[in-house]
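Colleague: take a look and give me a structure for this.
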Amino acid sequence: MTHFMKTSIVIVSFNTKYYLHRCLDSIRRYPPSVSHEIIVVDNASGDGSPEMVASLFPEVTLIRSSKNLGFAAANNLAIKVAGGELILFFNSDAELLPESLEPLVKHFEMNPETGIVGPTEQFESGDPYPTICPSPNLSFVFFNHTGLRRRFNRNRLINPYRSLWEQSQKSKVPTEVDWLSGASLMIRRKVLDETGFFDEKYFFYMEETDLCERARRSGWKVKFIPEAQVIHHGGQSTVNTKSGLLTLSGAISELYFFKKFRSRVEVLLLAGLLGVEYSFKLLITRGNDPRRWAYRKILRTVFGYRPVRVTMEDIY
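Modeller: Residues are numbered from 1 along each chain as shown. This is a model prediction of the structure:
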């Protein structure tokens, strides 16, 4: 038996009624063996999501926001009321499976130096996919932006974490990593109290990367637990985003992360890389391409003409 008193499951949702219902139903069917609570933060959905939760899942603590707070701010709102010693940040388009959470909780119990853990994420078909990455540096960003990491994803030089993930899948042994997917991330409350909550300055993407980075720099270990498995449908909360917005959000988040954790030289080199990439893309895309506005905003940020802020109202 675990010694943990409670686990808080936090779910942020925006217009994902169908998947949110499946998510909550999976928690009801496969709950953790420890005492737990479920907190749903609804980011001003217009599809009836909060009404569905209130009607069909009365055991859930529902927080309704009058506006879309975004991923980081909505999670922080839930953290403030969460009572668990462990907190699972769980996407609304993810689902638990039998014994999904037991290996995570057990690892925490037996390894007090571990601050953050994450499970194997898989498609509904049952096929798992990598969700572990190295701390972003220039080579990581270069291989991502040039498409080399996707094209040569099994190359050990270009994508060293692929082989690490495969080895861990075969051995089922917990593996220390730099950061994990935020779709199913479990963390000790103590880590959040020591290092701070999610950084709300991120527009979209890399919030969990930042959190894992701060935890590691404070001496906590981040572990991938392959034995634990969850379903993640992926991308359901961003299917209706404005064309180019996710590209813009990703680039701005990368710049912000580098300014926080990397040297000034690395920041300048990243800005140069983004400047070349998006200048080229702006030149080759047609005038009516809906992504051109995003490319221009990235370039204005890179060359320092104007600070760019992406609001959550712009995203949807």
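Colleague: longest strand in this structure, please.
Modeller: strand 221-232 (DSSP state E).
Colleague: which elements pack onto the helix or strand just after that one?
Modeller: Next in sequence after strand 221-232, counting helices and strands by DSSP states H and E, comes helix 245-261. Judged by 3 or more Cβ pairs under 8 Å, 6 or more residues apart in numbering; DSSP states H and E, helix 245-261 is in contact with helix 207-217, helix 264-284, helix 292-302, helix 312-315. (Each C-beta comes from the backbone N, C-alpha and C, glycine too.)
Colleague: measure how helix 245-261 sits relative to helix 264-284, angle-wise.
Modeller: Orientation note: helix 245-261 sits at an angle of 160 degrees relative to helix 264-284 (axes from the mean of the first three to the mean of the last three Cα atoms, to 10 degrees).
Colleague: got a list of contacts for stretch 16-23?
Modeller: Residues outside stretch 16-23 that contact it (Cβ atoms under 8 Å, 6 or more residues apart in numbering): 11, 13, 40, 45, 47-49, 52-53, 56, 90-95, 233, 236-237.
Colleague: what about 7 Å?
Modeller: With Cβ atoms under 7 Å, 6 or more residues apart in numbering as the test, stretch 16-23 has contacts from 11, 13, 47-49, 52, 92-95, 233, 236-237.
Colleague: buried set for that stretch?
Modeller: Judged by neighbour count using 16 or more other Cβ atoms under 10 Å, the buried positions of stretch 16-23 are 16-17, 19-23.
Colleague: then stretch 138-153?
Modeller: Under 16+ other Cβ under 10 Å, the buried positions of stretch 138-153 are 140-145, 149.
Colleague: once you drop chain neighbours, what's closest to Phe90?
Modeller: Once flanking residues are discounted, Phe90 sits nearest to Ile11: 5.2 Å by Cβ to Cβ, 6 or more residues apart in numbering.
Colleague: could you dump the contacts of stretch 16-23 into TSV with secondary structure added?
Modeller: As requested, the contacts of stretch 16-23 are exported to TSV (DSSP: H, G, I helix; E, B strand; the rest coil):
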residue	secondary structure
Ile11	strand
Ser13	strand
Asp47	coil
Gly48	coil
Ser49	helix
Met52	helix
Ser92	coil
Asp93	coil
Ala94	strand
Glu95	strand
His233	coil
Gln236	coil
Ser237	coil
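Colleague: does Ser13 touch Gly48 like I think?
Modeller: No - judged on Cβ atoms under 7 Å, Ser13 makes no contact with Gly48 at a distance of 11.4 Å.
Colleague: burial measure for Tyr256, as a count.
Modeller: Using other Cβ atoms under 10 Å, Tyr256 has 18 other residues around it.
Colleague: contact partners for it?
Modeller: Applying Cβ under 7 Å, 6+ apart, we find Tyr256 in contact with 201-202.
Colleague: can you check the one 3 residues further on too?
Modeller: Contacts of Lys259 were listed using Cβ under 7 Å, 6+ apart, and they are Val267.
Colleague: relative to Asp199, how far out is it?
Modeller: In this view, Lys259 and Asp199 are 12 Å apart by Cβ to Cβ, to the nearest Å.
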